[in-house]
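In: Give the three-dimensional model of this entry:
(3 chains)
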Amino acid sequence: MDFDNGLPIYIQILNLLKIKMATGEIKEGDKLPSVRDMATELKVNPNTISRSYTELEKEDLIYTQRGMGTFVTEDIEKLKALKKKMATKKIHKFILEMKELGFTKEELSRDILELKMEED
Amino acid sequence: MFKYTKYEFLGTYKFLMGAIGLIIVASTAIQMFFKNQYNFANGSPGSIEAFQIMPFVMLAATFTFIGAFIAVAVYLISSFRKELYEDRGYLTFALPMTGSQLLGSKLIIALFWSVVMGIVVLVYNMVLARFVFGPEWYNLMLDVIKQAEGLGKIIVSYSLISVIETVVTLLLVYFTITISRVSIKSKKIGGFWFVLFLILSSFFSYIQSSIADSVPLYLDITKMEFLSQNRLYFDNMNPESMMNLANAGVISISGLGFQIILTVGLFLGTAYMLEKKIDLV
Amino acid sequence: MENIIEIKGLTKKYNRTIALNNIDLDLKKGKIIGILGPNGSGKTTLIKLLTGLLHETKGVIKIDGHIPSVYTKSIISYLPDRNALYSWMKIDDAIKMFMDFYEDFDEKKADSLLEFMKLDRTMKVSELSKGMKEKLNLTLVLARKAKVYIMDEPIAGVDPVARDQILKAIIDNYEENSTMIITTHLVKDMENIFDEVVFIGDGEIILQGDAETLREDKKINIDDIYKEIFG
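Out: Residues are numbered from 1 along each chain as shown, chains lettered A, B, ... in the order given. Below is the predicted model of the structure:
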């Protein structure tokens, strides 16, 4: 996996995991790879993976059971909320970027509707 | 101490066995040549072709014989030198052992092979001679040997002295190689140690004789008596007395003492440099 | 968190050339540390001073509280930047030698690593390709449960597939109680495994810090920082 410039790797990894959880690639209750396995797979420092997992644990998205491993939360609502949060973030970002390009709210709504009609 | 000795042995035994094998073959050829000459001189029938080939065989055998000894000497020395100048030193010097352990291992194995070679050559040739030239000749030699008084003791003491000589020489070689490596950073001037060796070798020989002369304490092995200069068995006025066989068993104690001190000094000095001063650049 | 290595005022001179100039460096236990710099920067000199292949001109080196000695050699597992194995050896001989000299050598681990690297005990060292020799050396180094692992350019001169195997083996071997010190000039390939990085150039330490923190602060990769410093 190629890592972006400048963003700490642990953040990039937890984002990667979040995306997978949002898209459903990783489902509720799924077992996550061990820190060591993930580190070896991605060729990164195990401490980095540890940190990602810790952050995800803080957000209640995953939990660790001693001796059993690390698992995604069973709570589907949490995952739904995650998906929504990530979508919202992206939308906000998109809107900001469009504003920078000079679009107004009306122009934007009209163009998005047009695009949507094309896709349909 | 002996951990590394094992690996030094494993690394050298193939070459040494080969060299010893060659020496045995060469010795056989040489003795056969002499036997052939003897037969021919005594009118035994022998093929003309064999007679013509023999000198060449003899030449080849002699060169092989000498060459094998030289090759072994070069090989054993380079076994030490390689540790200081080649990549393998990165493994050797990363091993958790003291300079003494490393040096001791190299020394023990080099000495071991020197002694083994010496004994094998001697014993093989003696046994072969008995077969080639017949038991009568052999027993004749034994009688002559038995005549000389205390020869057994002389042989033992001379053997021990040869061993000490070998040890001193080996240590001097190791010492000069090590000190060259420590003082000259450039790897290209690799042959300097030999010059230093010759110089120190002559120097220490000179010192040894001086000490032997100025501290005249001798041991007559055959009689196990201590002597000092004026009781030595020779008499400067009478040159023939110099040939007196009785003098053969006389060892200079002071000279020997010097050699022992030199051995210890060279060993400790080299071991210290190997452990504390070596830079493998 | 205690320091496993403490270096003060370390200088190494060869006649006129100064290879290391008055270095101060402390390395914490349990980290994977990258010593980064171009060829000739002094990183290999530093490594050799730690492993006892060189002796300092001035200064003090302490490894686990001891100066370089037989003890420190016994707790350091060293992967040199060249093949040092004796040419007469088979892989089996090398393993036996390591078992003899290092109490922390784990034969089972060695065998499993050999399998992973697709090497066989009966092979002769002299018949191995460069990549295979590198993998063998790495096997011997990682099969020990050492306090300190020091690897000098572990992936240089090795094909990309072998590189991957080597990196995976290194990560897989990481223990919290051990420290790994790795030098490289191939920063891009290795930067993700480092906890901490130390940039060395012209015999001096230019920058030292936590890898992630540096990424966060400077908003660029370690490789980019390297290019900035040495470009």
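In: So which residues on chain C come close to chain A?
Out: Counting by CB under 8 Å from any CB of the partner chain, the residues of chain C close to chain A are C:32, C:164, C:167-168, C:171-172, C:174, C:192-195, C:211-213, C:215-216, C:218-221, C:224. (C-beta placed from N, C-alpha, C; glycine too.)
In: Can you tell me the closest non-neighbouring residue to the residue in the stretch 151-281 of chain B that chain A sits nearest to?
Out: Nearest to chain A, among the residues of the stretch 151-281 of chain B, is residue B:280, at 31.3 Å (CB to the nearest CB). Nearest residue to residue B:280, sequence neighbours excluded (CB to CB, 6 or more residues apart in numbering or on different chains): residue C:53, at 4.4 Å.
In: Ok, residue C:67 next?
Out: residue C:61 (6.2 Å).
In: picking that back up, mind checking which of the residues of chain C next to chain A are in strands?
Out: Judged by DSSP state E, these include residue C:32 as members of strands.
In: how many neighbours does residue C:76 have?
Out: By other CB atoms under 10 Å in any protein chain shown, 25 other residues sit near residue C:76.
In: Just list the residues touching the most centrally placed residue in chain C, thanks.
Out: By CA atoms, centre = their mean, the mean C-alpha position of chain C lies nearest to residue C:151, the distance being 1.8 Å. Residues in contact with residue C:151 (CB atoms under 8 Å, 6 or more residues apart in numbering or on different chains) are C:78, C:79, C:138, C:141, C:170, C:180, C:181, C:182, C:183.
In: how about the helices of chain B, start to end?
Out: Here chain B has its helices, by DSSP state H, at B:2-41, B:48-85, B:89-92, B:99-133, B:135-147, B:151-183, B:192-214, B:253-276.
In: In a markdown table, list the ones you listed along with distance to residue A:92 and mean neighbour count.
Out: A markdown table is the format used below for those (distance: least, CB to CB, whole Å; neighbours: other CB atoms under 10 Å in any protein chain shown):
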| stretch | distance to residue A:92 | mean neighbour count |
| --- | --- | --- |
| helix B:2-41 | 68 | 16 |
| helix B:48-85 | 67 | 15 |
| helix B:89-92 | 58 | 21 |
| helix B:99-133 | 69 | 17 |
| helix B:135-147 | 109 | 11 |
| helix B:151-183 | 69 | 18 |
| helix B:192-214 | 76 | 14 |
| helix B:253-276 | 67 | 18 |
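In: what does the domain assignment say about chain A?
Out: Annotated domains of chain A cover A:9-76, A:78-119 [automatic domain parsing].
In: on that earlier part again, quick check: the residue nearest to residue B:280 touching residue B:92?
Out: No - here residue C:53 does not reach residue B:92: they are 9.8 Å apart, not a contact under CB atoms under 8 Å.
In: Report the buried residues of stretch A:81-100.
Out: A:82, A:83, A:86, A:98 (16 or more other CB atoms under 10 Å in any protein chain shown).
In: how close does the residue in chain A that chain B sits nearest to get to residue C:31?
Out: Using CB to the nearest CB, the single residue of chain A nearest to chain B is residue A:45, 26.1 Å away. Residue A:45 sits at a distance of 9 Å from residue C:31 (criterion: CB to CB, to the nearest Å).
In: and which of the buried residues of stretch A:81-100 is nearest chain C?
Out: Out of the buried residues of stretch A:81-100, the member with the shortest distance to chain C (by CB to the nearest CB) is residue A:86, at 21.3 Å.
In: The closest one touches residue A:21, doesn't it?
Out: No - if you go by CB under 8 Å, residue A:86 and residue A:21 don't touch, sitting 9.2 Å apart.
In: Please, where are all the strands along chain C?
Out: C:3-14, C:17-28, C:32-36, C:58-63, C:76-79, C:148-152, C:179-184, C:196-201, C:204-210.
In: any residue of the fifth one up close to chain B?
Out: Right, the one you point to is strand C:76-79. Yes - Strand C:76-79 lies within reach of chain B by CB under 8 Å from any CB, at C:76, C:78.
In: and that strand, average pLDDT?
Out: Averaging pLDDT along strand C:76-79 gives 97.
In: Also the third one?
Out: Per-residue confidence for strand C:32-36 averages out to 97 on the pLDDT scale.
In: go on, the fourth one?
Out: For strand C:58-63, mean pLDDT is 96.
In: List the buried residues of that strand.
Out: Result for strand C:58-63 [16+ other CB under 10 Å]: buried residues C:59, C:61, C:62, C:63.
In: got it, and the third one?
Out: Applying a neighbour-count criterion of 16+ other CB under 10 Å, the buried positions in strand C:32-36 are C:32, C:33, C:34, C:35, C:36.
In: Go through those and name the one nearest residue A:51.
Out: Closest approach between the buried residues of strand C:32-36 and residue A:51, by CB to CB: residue C:32, at 13.9 Å.
In: Next one, pLDDT for the closest residue to that closest one other than its chain neighbours please.
Out: Closest residue in space to residue C:32, ignoring its immediate chain neighbours: residue C:180 at 4.5 Å, by CB to CB, 6+ apart. The confidence metric pLDDT takes the value 96 at residue C:180.
In: who's residue C:180 bridged to?
Out: residue C:32, residue C:149 (DSSP bridges).
In: my read: it touches residue C:33, true?
Out: Yes - using CB under 8 Å, residue C:180 makes contact with residue C:33 at a distance of 6.8 Å.
In: While we're on residue B:281, how confident is the model there?
Out: pLDDT at residue B:281 comes out at 82.
In: Please apply the same query to residue C:207.
Out: Residue-level pLDDT assigned to residue C:207 equals 96.
In: what's around it, how many residues?
Out: 15.
In: residue contacts, the nearest residue to it once chain neighbours are set aside?
Out: Once flanking residues are discounted, residue C:207 sits nearest to residue C:199: 4.3 Å by CB to CB, 6+ apart. The neighbourhood of residue C:199, defined by CB under 8 Å, 6+ apart, consists of C:36, C:37, C:205, C:206, C:207, C:208, C:225, C:226, C:229.
In: Help me confirm that residue C:78 comes into contact with residue B:93.
Out: No - using CB under 8 Å, residue C:78 is not in contact with residue B:93; the gap is 9.9 Å.
In: Of the two, give the one with the bigger neighbour count.
Out: Taking other CB under 10 Å, residue C:78 and residue B:93 do not tie; residue C:78 has more neighbours (28 against 24).
In: In the sheet, which residues pair with the more buried one? Tell me.
Out: residue C:150.
In: Identify the residues contacting stretch A:77-97?
Out: A:18, A:19, A:21, A:22, A:28, A:60, A:61, A:72, A:73, A:108.
In: Might you enumerate the residues of chain C proximal to chain B?
Out: Near chain B, when you scan chain C using CB under 8 Å from any CB, you find C:14-15, C:48, C:51-55, C:70-71, C:73-74, C:76, C:78, C:80, C:82-88, C:93, C:97, C:100-102.
In: mind listing which of those are in helices?
Out: C:48, C:51, C:70, C:71, C:73, C:74, C:93, C:97, C:100, C:101.
In: What's opposite the residue nearest to residue C:67 in the beta bridge?
Out: residue C:7.
In: and what of residue C:36?
Out: residue C:184, residue C:199.
In: how about the strands in chain A?
Out: According to DSSP E, the strands that chain A contains are A:31-32, A:62-65, A:69-72.
In: Output the contacting helices and strands for the shortest one.
Out: Right, strand A:31-32. Contacts defined by 3 or more CB pairs under 8 Å, 6 or more residues apart in numbering or on different chains; DSSP states H and E place strand A:31-32 against strand A:69-72.
In: pLDDT averaged over the strand it packs on - what is it?
Out: Rounded mean pLDDT across strand A:69-72 is 89.
In: Pull the residues that contact that strand.
Out: Contacts of strand A:69-72 (CB under 8 Å, 6+ apart): A:21, A:26-32, A:34-35, A:53, A:61-65, A:79.
In: What's the end-to-end length of stretch C:36-46?
Out: 12 Å (CA to CA, to the nearest Å).
In: Buried ones in it, by neighbour count?
Out: So, applying 16+ other CB under 10 Å, buried residues of stretch C:36-46: C:36, C:37, C:41, C:42, C:43, C:44, C:45, C:46.
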